[in-house]
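1. Need the 3D shape of this:
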Amino acid sequence: MKIKHILLTIVIFLFVDASAEMVRYSGGDISMYPTYQKAGSQYKDQNGNNIDLLPYLHEIGMNAMRVRLFVNPDGYTYNNKGQKEDDSNVCQDLPYIIPLCKDIISNGFDLMLDFHYSDTWADPGKQYIPDAWKGLSDEVLADSIYNYTKNSLVTLKENGITPKFIQPGNEISYGMLWADSSDKAYYGQNNSKAWKRFGDFLDAAIRACREVCEEAQIVIHTERIAQVDVLKNFYSQMKSLNIDYDIIGLSYYPYFHGTMAKLDNALTVVEREFPDKPIMIVETGFPYEYEVQGTTEKVEYEYTLAGQDAYAHALVDTLLSHPNVNGLFWWWLEYNAYGAGLTGWYNAPLFNSKDGKATPALKTIASFSSGAGIEEIMDEGRIADPYWYDLQGRRHKTPDSPGIYFHNGEKFIVK
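-> Got it, this is the predicted structure:
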């Protein structure tokens with residue numbers, strides 16, 4: 001019994017030391033939160049108690065928040081015909097985000113800053129050059145990216161804000177800052193010029209990030225989960241272009257990208273091909289009521305509060321089975337029309353616009369950052385848990401390398 005106790009103590013210390021090396025992040029993009037605060041949105045926990053949003057999110061285990069930044073947002077977006085339309089959600093310039101970022105950091109969160117190098121939404125099909133930069137040569141445009149990025153980060157630091165993570169570009173699967181269609185960096189086409197142009201822009205942005213925020217981790221963000229060859233080619237191009245980055249960032253929306261099995265496969269491929277890069281899901285979401293407009297894929301879960309939570313559980317389980325995945329961010333987490341006189345049209349946040357209550361999925365997403373603790377792993381009552389856990393608390397379907405594992409409350413040494 002004494003020997004068993006000593007061995008268990010040693011294992012616990014090993015676990016704590018190893019866990020310190022593997023930090024997981026859970027949180028969400030809350031870029032519209034100041035607008036909802038001003039409008040009077042009322043946030044509640046699942047029991048209907050009023051909450052102060054950021055302290056509550058930290059209390060339940062979330063530890064990082066994401067904020068987007070546009071160049072000169074003017075409250076518009078582009079429709080599928082390339083025509084401008086009003087969009088009040090496009091408002092995040094530096095004066096807007098500085099108080100929000102301060103609030104995030106003062107409440108104990110790490111900050112992910114998402115540069116949209118555009119005046120409006122930047123995504124795979126829309127990477128429009130800011131109005132002030134139109135007509136510039138590629139060389140001058142690269143200088144503009146560098147100066148804008150550097151000045152933005154200097155301003156943030158002067159206000160006591162230093163991001164932990166920085167995205168130079170948003171969903172840049174096909175490049176960014178297109179002057180015309182020839183600038184798109186497509187997979188499978190002879191477009192080395194477009195890739196080099198794209199690489200020059202990334203180099204300029206990242207150089208500014210490294211100069212101002214030396215310890216920040218650079219996230220390169222794409223969303224081709226359903227097209228693994230495209231995904232693999234993109235990050236191979238990053239390697240060929242000698243892009244200096246730290247983390248692979250991915251978007252995964254099941255109603256656009258397909259089943260959880262597709263995500264699992266994509267993560268397996270990315271881990272195998274780029275084993276030195278941590279992976280984060282920097283955007284995800286699922287409705288708690290009706291179908292998201294533009295849905296293209298049949299989903300595996302119901303459009304209900306329980307269905308959203310089932311998706312969240314499946315997502316967390318899938319991510320924890322991949323050792324390289326260390327981040328999970330829910331997009332537009334904070335949307336809440338309750339008490340604010342808003343329309344309540346968006347149906348995939350983690351608060352219910354009908355009553356302001358947190359949806360059950362909120363705590364499930366928050367649980368990713370903690371994974372499985374040592375007490376939970378050693379609990380002999382976990383007999384129904386099919387997973388194996390290593391000393392870093394990461395889940396494995398089966399032991400896949402030598403080491404110490406825990407399974408059903410027992411310790412196993414795999415040689």
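2. can we go C-alpha only for contacts and neighbour counts from here?
-> OK.
3. number of nearby residues for the closest residue to T343 other than its chain neighbours?
-> Counting by Cα to Cα, 6 or more residues apart in numbering, A337 is the residue found nearest to T343 once chain neighbours are left out, at 6.5 Å. When neighbours are counted by other Cα atoms under 10 Å, A337 registers 24.
4. ok, now N63?
-> Neighbourhood size, N63 [other Cα under 10 Å]: 23.
5. for the residue lying closest to it once chain neighbours are set aside, what are its contacts?
-> The shortest distance from N63 to any non-neighbouring residue, by Cα to Cα, 6+ apart, is to F109 (4.8 Å). Neighbouring residues of F109 by Cα atoms under 8 Å, 6 or more residues apart in numbering: H58, M62, N63, A64, M65.
6. OK, contacts around the third one?
-> For N63, the contacting residues are Y25, S26, G27, G108, F109, D110, S369, by Cα under 8 Å, 6+ apart.
7. nearest to P287, of the residues you listed?
-> G27 (17.2 Å; Cα to Cα).
8. Is that closest one part of a helix or strand, or is it coil?
-> strand (DSSP: H, G, I helix; E, B strand; the rest coil).
9. Contacts only, for it.
-> Counting by Cα under 8 Å, 6+ apart, G27 makes contact with M62, N63, A64, M65, R66, L328, F329, W330, I365, A366.
10. For the contacts of N63, which two are the farthest from each other?
-> Within the contacts of N63, G108 and S369 form the most distant pair, 14.1 Å apart (Cα to Cα).
11. which residues in this structure form strands?
-> Assigned by DSSP state E, the chain shows strands spanning 25-29, 64-69, 76-78, 84-86, 110-115, 165-168, 217-222, 247-252, 279-284, 325-330, 388-389, 395-396, 403-407, 410-414.
12. Which strands or helices does the fourth one pack on?
-> Pointing back at strand 84-86 there. strand 76-78 (3 or more Cα pairs under 8 Å, 6 or more residues apart in numbering; DSSP states H and E).
13. what are the pairing partners of the strand it packs on, and which direction each?
-> strand 84-86 (antiparallel) (DSSP bridges).
14. Can you give the distance from the strand it pairs with to the centre of its chain?
-> Its chain's C-alpha centre and that of strand 84-86 lie 27 Å apart, by Cα atoms, centre = their mean, to the nearest Å.
15. Can you give me the distance of S370 to L100?
-> According to Cα to Cα, to the nearest Å, S370 and L100 sit 25 Å apart.
16. Surely R68 and L94 touch.
-> No: contact criterion Cα atoms under 8 Å: R68 and L94 do not qualify, at 9.9 Å.
17. Looking at the two, which is more packed in?
-> Using other Cα under 10 Å, the more surrounded residue of R68 and L94 is R68, with 23 against 18.
18. Excluding covalently adjacent residues, which one is nearest to the more buried one?
-> Excluding its sequence neighbours, the residue lying closest to R68 (Cα to Cα, 6+ apart) is D114, at 4.4 Å.
19. Provide a list of residues in contact with the one you found.
-> Remark: with contacts taken as Cα under 8 Å, 6+ apart, D114 is in contact with R66, V67, R68, L69, I166, Q167, P168, G169, N170.
20. Put the buried members of those into a PyMOL selection.
-> Filtering the contacts of D114 down to the buried ones (16 or more other Cα atoms under 10 Å) takes a single PyMOL command:
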select buried, resi 66+67+68+69+166+167+168+169+170
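21. Could I get the contacts of D114 in a markdown table, plus columns for distance to G75 and pLDDT?
-> Conversion of these to a markdown table gives the following (distance: Cα to Cα, whole Å; pLDDT from 0 to 100):
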| residue | distance to G75 | pLDDT |
| --- | --- | --- |
| R66 | 20 | 98 |
| V67 | 17 | 98 |
| R68 | 14 | 98 |
| L69 | 13 | 98 |
| I166 | 24 | 99 |
| Q167 | 22 | 98 |
| P168 | 22 | 98 |
| G169 | 19 | 98 |
| N170 | 18 | 98 |
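22. Can you redo the contacts of D114 as TSV, where the extra columns are distance to I243?
-> Shown next, in TSV, are these (distance: Cα to Cα, whole Å):
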residue	distance to I243
R66	23
V67	23
R68	22
L69	22
I166	14
Q167	13
P168	11
G169	13
N170	16
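23. which regions of the stretch 151-300 of the chain sit below the pLDDT cut-off?
-> Along the stretch 151-300 of the chain, segments meeting pLDDT under 70 span 190.
24. Do a quick rundown of the helices in it.
-> Assigned by DSSP state H, counting those that start in this stretch, the helices in the stretch 151-300 of the chain fall at 192-212, 228-240, 254-257, 260-273.
25. Could you tell me the angle between the first one and helix 228-240?
-> Looking back up the chat, that one is helix 192-212. Going by axes from the mean of the first three to the mean of the last three Cα atoms, to 10 degrees, helix 192-212 is angled at 60 degrees with respect to helix 228-240.
26. Grab the nearest non-local neighbour of F234.
-> Using Cα to Cα, 6+ apart and skipping the chain neighbours, the partner closest in space to F234 is S173 (7.0 Å).
27. okay, now that neighbour: neighbour count?
-> For S173, the count of nearby residues is 24 (other Cα under 10 Å).
28. and the most centrally placed residue in the chain, how far is that from K262?
-> Nearest to the geometric centre of the chain sits V282, at 1.3 Å (Cα atoms, centre = their mean). From V282 across to K262, the span is 17 Å (Cα to Cα).
29. Same check on A194?
-> Distance of A194 to K262, given as Cα to Cα: 29 Å.
30. of these two, who's got more company?
-> Between A194 and K262, counted using other Cα under 10 Å, the more crowded position is A194 (20 against 17).
31. Can you name the residues that contact that one?
-> Neighbouring residues of A194 by Cα under 8 Å, 6+ apart: S182, D183, K184, A185.
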